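J.: missing the sequence, but the structure's below:
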């Protein structure tokens, strides 16, 4: 079949010959020669329900028949409200407003921009620097790539990147600060936490807008969890210096770590939480951010309620319909409860319908 098709595709890697997938079912993908592949990685950690779930496809088709595209600058749809409600009710306390994008990079870009506008319009115009972590990943747009700490992806574009600041990601097994976990715990003095405050003071708290982190570092470290007290301490520091805490749940959200969102393991509420991947189980491009009431309240008070930002496909009805169907299946079929307690992010396997 490949020989019959002229190749006009700009491939991600021109040195490779990619298999042509004709269809998928459950945890398997099938190519044009009938070869079967186990999708053990769930695609890009996204295909949470496996392939060929007709219920999701039908929900998308039904919405496409009703209205395939509605520009959220002018109109909204019923499915938008329904999915936002489901996500908000799963999110940590006081995160009650959901903004939709097409992918995780856009979601983190949106969060960075919202943090900046939040400070500027509230009379803190100098707050603009984002602190990220090395060995983290937040996306491939210039803003999200600047905040992330993926050296390989950053290298080519270094001259174009925003001058954000980075600290080490916590890794108790291979501590970048040469500390022992027991020593940190006993003294209640974590170098990975202390480093953040030191950097804030060095930059000047009046200049720092946000701190962004994955609750469990995914692709760059291989599912590494922070010390148990890490995010509680970070929450205190962000509150002290009026810094927006952005938690990136694009990979870890919707049951990937045994809870609806991984930050729920650590008992805190961020100011902005981004999500993606599992929200639509890979059936449509969909992601977004859930925003804390205090950020929304400030937007209404100081910005006339307007977020100066937006994408053409934000809240796309067909993608949102896919997400609504996926979350309905998660809830109805108890998908999260069926996952074994020993399941870990690094051993992701797609679940068949």
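T.: Structure's in. What do you need? Note that the coordinates shown come from a computational prediction; the quantities given were computed from them, not determined experimentally.
J.: quick check: residue 253 touching residue 277?
T.: Yes: the criterion here is Cβ atoms under 8 Å, and residue 253 meets it with residue 277 at 7.3 Å. Just so you know, the C-beta spots here come from the backbone N, C-alpha and C atoms, and that holds for glycine as well.
J.: how does the protein divide into domains?
T.: As assigned by automatic domain parsing, the chain contains the domains 2-38, 54-341.
J.: can you tell me which of those domains is most buried?
T.: Burial of the domains of the chain is given as mean neighbour count (mean count of other Cβ atoms under 10 Å); domain 54-341 ranks first at a mean of 19.
J.: so which of the domains of the chain is nearest residue 45?
T.: domain 54-341 (5.3 Å; Cβ to Cβ).
J.: so what's residue 265 up against?
T.: 215, 225, 257-259 (Cβ atoms under 8 Å, 6 or more residues apart in numbering).
J.: select the longest helix from the chain.
T.: Longest helix in the chain, counting residues (DSSP state H): helix 104-121.
J.: so what does it touch, helix or strand wise?
T.: strand 95-101, helix 142-147, strand 208-213, strand 244-249, strand 272-275, strand 287-292, helix 293-302 (3 or more Cβ pairs under 8 Å, 6 or more residues apart in numbering; DSSP states H and E).
J.: turn those into JSON lines, columns for mean pLDDT and distance to residue 330.
T.: As requested, the helices and strands packed on helix 104-121 are exported to JSON lines (pLDDT from 0 to 100; distance: least, Cβ to Cβ, whole Å):
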{"stretch": "strand 95-101", "mean pLDDT": "98", "distance to residue 330": "16"}
{"stretch": "helix 142-147", "mean pLDDT": "96", "distance to residue 330": "26"}
{"stretch": "strand 208-213", "mean pLDDT": "98", "distance to residue 330": "25"}
{"stretch": "strand 244-249", "mean pLDDT": "98", "distance to residue 330": "15"}
{"stretch": "strand 272-275", "mean pLDDT": "98", "distance to residue 330": "13"}
{"stretch": "strand 287-292", "mean pLDDT": "98", "distance to residue 330": "16"}
{"stretch": "helix 293-302", "mean pLDDT": "97", "distance to residue 330": "25"}
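J.: just put the ones you listed in JSON lines and tack on distance to residue 195.
T.: Shown next, in JSON lines, are the helices and strands packed on helix 104-121 (distance: least, Cβ to Cβ, whole Å):
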{"stretch": "strand 95-101", "distance to residue 195": "27"}
{"stretch": "helix 142-147", "distance to residue 195": "17"}
{"stretch": "strand 208-213", "distance to residue 195": "12"}
{"stretch": "strand 244-249", "distance to residue 195": "16"}
{"stretch": "strand 272-275", "distance to residue 195": "22"}
{"stretch": "strand 287-292", "distance to residue 195": "25"}
{"stretch": "helix 293-302", "distance to residue 195": "26"}
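J.: report the central residue of this structure.
T.: Among the residues of the chain, the one closest to the centroid is residue 250, at 2.1 Å (Cα atoms, centre = their mean).
J.: how close does it get to residue 242?
T.: The gap separating residue 250 from residue 242 is 25 Å, by Cβ to Cβ, to the nearest Å.
J.: after the longest helix of the chain, next one along is what?
T.: Going down the chain from helix 104-121, the next helix or strand is strand 129-133, by DSSP states H and E.
J.: need the pLDDT of residue 352.
T.: pLDDT, residue 352: 35.
J.: residue numbering should commence at 46 henceforth.
T.: With 46 as the first residue, the last one maps to residue 397.
J.: quick one: the helices in the stretch 196-345 of the chain?
T.: Along the stretch 196-345 of the chain, counting by DSSP state H, counting those that start in this stretch, helices occupy 196-200, 226-232, 236-248, 275-285, 338-347.
J.: so where is the stretch 296-398 of the chain shaky, pLDDT-wise?
T.: By pLDDT under 70, the low-scoring segments of the stretch 296-398 of the chain are 384-398.
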